[in-house]
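Novice: How does the following fold in three dimensions:
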Amino acid sequence: MEISRLWKSNTPIALVCNWSDIDATAIRACIDAVTRAGGAVMLGLTSDGGAFSVCILHDQDKIKEYPHGKTECTAMLQALTEYFVDKIEI
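Specialist: Coordinates of the predicted model:
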């Protein structure tokens with residue numbers, strides 16, 4: 001077994017994140033705002049499951065964030081939504 005795998009297996013996870021714990025309206029609003037502005041959204045979890053993973057691709061920019069916990073993730077999704085709503089061309 002690789003040392004890194006052995007080390008990871010002995011490291012306790014302080015927090016387990018699940019996307020099902022995040023308000024679906026906040027997720028949907030973020031995806032809607034980013035994609036209407038011409039971007040893309042990738043959602044996931046870190047390899048240990050202790051943080052959410054959010055990646056936004058827009059123009060030449062790549063935003064990667066790793067919020068911990070429901071409150072931090074929801075706040076970040078709302079902030080991204082507000083930011084990208086202003087970038088939507090009508």
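Novice: I'd say Thr46 and Lys64 touch.
Specialist: No: with contact defined as C-beta atoms under 8 Å, Thr46 does not count as touching Lys64 (11.1 Å). All C-beta spots, glycine's among them, are computed from the backbone N, C-alpha and C.
Novice: So the residue positioned nearest the centre of the chain versus Glu89, what's the distance?
Specialist: Note on the chain: the residue nearest the mean C-alpha position is Val54, at 2.3 Å, using C-alpha atoms, centre = their mean. Applying C-beta to C-beta, to the nearest Å, the value for Val54 to Glu89 is 23 Å.
Novice: What of Leu15?
Specialist: 38 Å.
Novice: In terms of neighbours, single out the busier of the two.
Specialist: The neighbour comparison of Leu15 against Glu89 (other C-beta atoms under 10 Å) goes to Leu15, with 11 against 6.
Novice: Test my guess that the more buried one contacts Gly50.
Specialist: Yes: with contact defined as C-beta under 8 Å, Leu15 and Gly50 form a contacting pair (5.1 Å).
Novice: which residues do those two both contact?
Specialist: His68 (C-beta atoms under 8 Å, 6 or more residues apart in numbering).
Novice: can you map out the helices along this structure?
Specialist: Ranges of helices within the chain are 3-9, 24-36, 69-85, based on DSSP state H.
Novice: Switch the ones you listed over to a markdown table; also include mean pLDDT and mean neighbour count.
Specialist: Below are the helices of the chain laid out as a markdown table (pLDDT from 0 to 100; neighbours: other C-beta atoms under 10 Å):
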| stretch | mean pLDDT | mean neighbour count |
| --- | --- | --- |
| helix 3-9 | 56 | 9 |
| helix 24-36 | 97 | 16 |
| helix 69-85 | 95 | 17 |
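Novice: could the ones you listed go into a markdown table alongside distance to Met42?
Specialist: Formatted as a markdown table, these follow (distance: least, C-beta to C-beta, whole Å):
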| stretch | distance to Met42 |
| --- | --- |
| helix 3-9 | 23 |
| helix 24-36 | 10 |
| helix 69-85 | 12 |
